[in-house]
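Chemist: Kindly generate the corresponding structure for this input.
(one chain, ligands or ions: 1)
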Amino acid sequence: MNQISQTLDDLVSRFSAAVSAASDERELDAARVAFLGRSGEITVIRRGIGALPSAERPTAGKIINDVVATMEEQLIREAQRIQLRAFDAELATSIDVTFPAPASRLGTLHPIRTMTSTICTYFERLGFAVVLGPEIEPDYYTFDALNIPADHPAREGFDSFFITDSLLLRPHTSPMQIRTMEQHQPPIAILAPGTCYRRDAVDARHLFQFHQVEGLLVAEGIHMGHLKGVLTGLCRELFGPQQNVRFRPSFFPFTEPSAEVDTTCPKCKGETTTCNMCGGSGWIELGGAGMVHPNVLREMKYDTDVVSGWAFGFGIERLALTRYEIDDIRRFYENDPDFSRQLR
Ligand code: PHE
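Modeler: Numbers count the residues shown, from 1 in each chain. I've put the predicted structure just below:
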């Protein structure tokens, strides 16, 4: 009898070690078969009962049954442990669809687009219509109709990408003056923003693809004072209430007189000689302008005794460089959302 108890103690501790070491259901079942299976260790011990004196047999049977019951309980606990662990492992590698998603990073409007729409809004308020046109133009719209005949040296200055002898990527937005006047009679007040192309080597101030905005006003009694007033208003809208503009004499075949337009340096307000934005001049160049050349108006069959007009063309990147105080024009096209996000 004592002998059986001792054997059982030893068996239970080995069983306990085996089942708690089992790491999956297969190992657990192997332990069950080895100890509790039909030809397992318990069965061997049960067979030993027959060798005992008959008075001891019922007690021995009960002891064995109790031990088996505790073993079976442990087996159930270990099976639960293994199941839980498998569940945890599955959770760790599976997707929890109820978990809050990481917020997606919103993009933002490109600073050139923001700049363009600010300019458009200003001009729309003044009653100008915003018009768009093709980026591939015949040379008639780009040059001839703008008073730049085929042999005129001014064509050189536009460093154009020619597609055929007479088709090119527009090097400025001025063709939109012609396209508009061709289709409408005065009064005309349009703003034409858009992409332009020139064979320029890329550096901190130049790109071969950039944006311009063209303005054109043609009606009775239009003079340069209107131009200066409208552009002063634009610069105050873009750079602040203290801005002024100045006109420097210049030359464009399609305007007469012609001017380069400068605005007060928004950074130093013209008050220092060491400003790195304007080089100490106190002025920033915005682009070209002037009174529409009579030859252009005549080409459009307008009566130059009745109507006159002005036009201007500004580089949008240049305006944005100035407004956001950016040192290198190439930054606009690195497609860095963090860069754009800062410039709202
Ligand atoms: N188209 C000219 C340029 O790109 C600018 C301009 C436009 C000048 C309108 C005068 C009038 O250089």
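Chemist: what's residue 278 in contact with, if anything?
Modeler: Counting by CB atoms under 8 Å, 6 or more residues apart in numbering, residue 278 touches 265, 267, 268, 270, 284. Where C-beta positions appear, they are placed from N, C-alpha and C, glycine not excepted.
Chemist: go with 6 Å
Modeler: Residue 278 sits next to 265, 284 when contact means CB atoms under 6 Å, 6 or more residues apart in numbering.
Chemist: secondary structure class for it?
Modeler: Secondary structure, DSSP: H, G, I helix; E, B strand; the rest coil: residue 278 is coil.
Chemist: Residue 68 now?
Modeler: On the basis of three-state DSSP, residue 68 is classed as helix.
Chemist: Spell out which residues of this protein are next to the ligand.
Modeler: 172, 174, 252, 255, 287, 288, 289, 290, 311, 312, 313 (CB under 6 Å from any ligand atom).
Chemist: Which residues does stretch 197-215 contact?
Modeler: Under CB under 6 Å, 6+ apart, the answer for stretch 197-215 is 112, 119, 159, 161, 169, 171-174, 176, 191-193, 195-196, 312-317, 328-329.
Chemist: how does it look with 7 Å?
Modeler: The contact list for stretch 197-215 (CB atoms under 7 Å, 6 or more residues apart in numbering) reads 112, 116, 119, 123, 158-161, 169-174, 176-177, 191-196, 311-317, 327-330.
Chemist: Go through it and flag the buried ones.
Modeler: 197, 198, 207, 210, 211, 212, 213, 214, 215 (16 or more other CB atoms under 10 Å).
Chemist: For it, give the mean pLDDT please.
Modeler: Averaging pLDDT along stretch 197-215 gives 96.
Chemist: circling back to that earlier point, report the two members of the buried residues of stretch 197-215 separated by the largest distance.
Modeler: By the measure CB to CB, the buried residues of stretch 197-215 have their two most distant members at 207 and 215, which lie 21.8 Å apart.
Chemist: helix/strand/coil for residue 291?
Modeler: strand.
Chemist: Give me the longest strand you can find in the protein.
Modeler: The residue-count maximum for a strand in the chain (DSSP state E) belongs to strand 209-220.
Chemist: List the strands paired with that one, with their directions.
Modeler: strand 188-197 (antiparallel), strand 307-315 (antiparallel) (DSSP bridges).
Chemist: tell me the contacts of the residue in the stretch 51-200 of the chain that the ligand sits nearest to?
Modeler: Nearest residue of the stretch 51-200 of the chain to the ligand: residue 172, at 3.3 Å (CB to the nearest ligand atom). Counting by CB under 7 Å, 6+ apart, residue 172 touches 158, 196, 212, 313.
Chemist: Can you tell me the element the closest residue to the first one other than its chain neighbours falls in?
Modeler: Among residues not flanking residue 158 along the chain, residue 171 sits closest, at 4.0 Å (CB to CB, 6 or more residues apart in numbering). Assigned by DSSP states H and E, residue 171 falls within no helix or strand.
Chemist: cool, and residue 19?
Modeler: Going by DSSP H and E, residue 19 is in helix 2-21.
Chemist: Now that helix: buried residues?
Modeler: 4, 8, 11, 12, 15, 16, 18, 19.
Chemist: would you turn those into JSON lines with pLDDT?
Modeler: Shown next, in JSON lines, are those (pLDDT from 0 to 100):
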{"residue": "4", "pLDDT": "81"}
{"residue": "8", "pLDDT": "88"}
{"residue": "11", "pLDDT": "91"}
{"residue": "12", "pLDDT": "91"}
{"residue": "15", "pLDDT": "92"}
{"residue": "16", "pLDDT": "93"}
{"residue": "18", "pLDDT": "92"}
{"residue": "19", "pLDDT": "91"}
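Chemist: Can you tell me which of those residues is nearest the ligand?
Modeler: Of the buried residues of helix 2-21, the one sitting nearest to the ligand (CB to the nearest ligand atom) turns out to be residue 19, at 87.0 Å.
Chemist: which residues sit in contact with the closest one?
Modeler: Contacts of residue 19 (CB under 7 Å, 6+ apart): 28, 31, 74, 75, 78.
Chemist: In PyMOL, how would I select the buried members of the residues you listed?
Modeler: Applied in PyMOL, the following selects the buried portion of the contacts of residue 19 according to 16+ other CB under 10 Å:
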select buried, resi 28+31+75+78
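Chemist: Do a quick rundown of the helices in the stretch 51-200 of the chain.
Modeler: For the stretch 51-200 of the chain, the helices defined by DSSP state H, counting those that start in this stretch occupy 57-93, 111-125, 139-142, 154-157, 175-183.
Chemist: in the third one, what's buried?
Modeler: It stands for helix 139-142. 139, 141, 142.
Chemist: how about these in TSV, adding distance to residue 54?
Modeler: TSV is the format used below for the buried residues of helix 139-142 (distance: CB to CB, whole Å):
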residue	distance to residue 54
139	124
141	122
142	122
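Chemist: Let me have these in a markdown table, adding pLDDT as columns.
Modeler: Output for those, formatted as a markdown table (pLDDT from 0 to 100):
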| residue | pLDDT |
| --- | --- |
| 139 | 96 |
| 141 | 98 |
| 142 | 98 |
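Chemist: No more questions from me, cheers.
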